[in-house]
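Colleague: A structural model of the following input is requested.
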Amino acid sequence: MSDLDKNKIDNKKPADDAMGIKMSGHILIKDKNTGEELVNKRNAIHYGNMANFIAKSLAFADNDVTDTKYIINWMAFGNGATSVDSAGKVIYKSPRVSESYESSGTLYSRTYEKVISNNTSTDKIEVIPGASYTDLKITCTLGYNEPSDADAFDTSTTNDGSYVFDELGLLSNAGDINNSVMLTHVIFHPVQKSQNREIEIVYTVRIQLN
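Modeller: Numbers count the residues shown, from 1 in each chain. Down below sits the predicted model:
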């Protein structure tokens, strides 16, 4: 082999091993005791924040492997994503997601939140590998006394109450939810959380490389 041929081999560019990350989410909200489905739909991923979150997690951001800013820690609930027109029709806002990083991105109106990284029987995050994907299965239960100042019965005739939820998101930062990053957002038909029923939320985020 001539020196020219060897030089061509040495300078050959590596193959373009480009790969994309595909993420999707699904949420199921049901009455834990009766099994009644209250919400069953897909969610929106905040791609800008999620990309930043993944990069910082892989890099042990700030050189601190115990840093909890980059873990999913909160499930946040809100009541600012819908309205009712004069004909009684529910109007849905668009999910607050973007392809750009938004450190201040959050729900329209967050009124309640709960830690989901407790690893208990009712509030936990499970990592479930599949054939070509990995699921984050996030379970959160709002018990009879949660929130503690909720109405006694689910008999509200309006969507204005703080705990008539119509939006939900997954947020980071175990230290301070007010300094967290929103990673997903889902908007749904209003559901009242009162003290006469227990609600279970199963939120699945699927991660694939393709």
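Colleague: so the residue nearest to the spatial centre of the chain is in which element?
Modeller: The geometric centre of the chain, computed from its C-alpha atoms, lies nearest to residue 170 (C-alpha atoms, centre = their mean), at 3.0 Å. Following DSSP states H and E, one finds residue 170 within strand 164-172.
Colleague: neighbours of the closest residue in space to residue 21 that isn't next to it in sequence, just the number please.
Modeller: Nearest-residue entry for residue 21: residue 209, 6.0 Å, with adjacent residues in sequence omitted and distances by C-beta to C-beta, 6 or more residues apart in numbering. (Glycine included, C-beta is placed from N, CA and C.) Close neighbours of residue 209, defined as other C-beta atoms under 10 Å, add up to 10.
Colleague: related to what we said a few turns ago, just how off-centre is the helix or strand that the strand holding residue 170 is followed by within its chain?
Modeller: For strand 164-172, the succeeding helix or strand toward the C-terminus, using DSSP H and E, is strand 182-192. Distance of strand 182-192 from the chain centroid (C-alpha atoms, centre = their mean, to the nearest Å) equals 9 Å.
Colleague: just the CA atoms of strand 182-192, as PDB, please.
Modeller: In PDB, the C-alpha atoms belonging to strand 182-192 read as follows (Å, rounded to 0.1, in the frame of the first residue of the first chain):
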ATOM      1  CA  MET A 182     -40.900  21.600  34.300                       C
ATOM      2  CA  LEU A 183     -40.300  18.600  32.100                       C
ATOM      3  CA  THR A 184     -43.800  17.600  31.000                       C
ATOM      4  CA  HIS A 185     -47.200  19.200  30.900                       C
ATOM      5  CA  VAL A 186     -50.600  17.600  30.300                       C
ATOM      6  CA  ILE A 187     -54.000  19.400  30.200                       C
ATOM      7  CA  PHE A 188     -57.300  17.600  30.700                       C
ATOM      8  CA  HIS A 189     -60.900  18.000  31.500                       C
ATOM      9  CA  PRO A 190     -61.300  19.500  35.100                       C
ATOM     10  CA  VAL A 191     -61.200  16.900  37.900                       C
ATOM     11  CA  GLN A 192     -62.100  17.900  41.500                       C
END
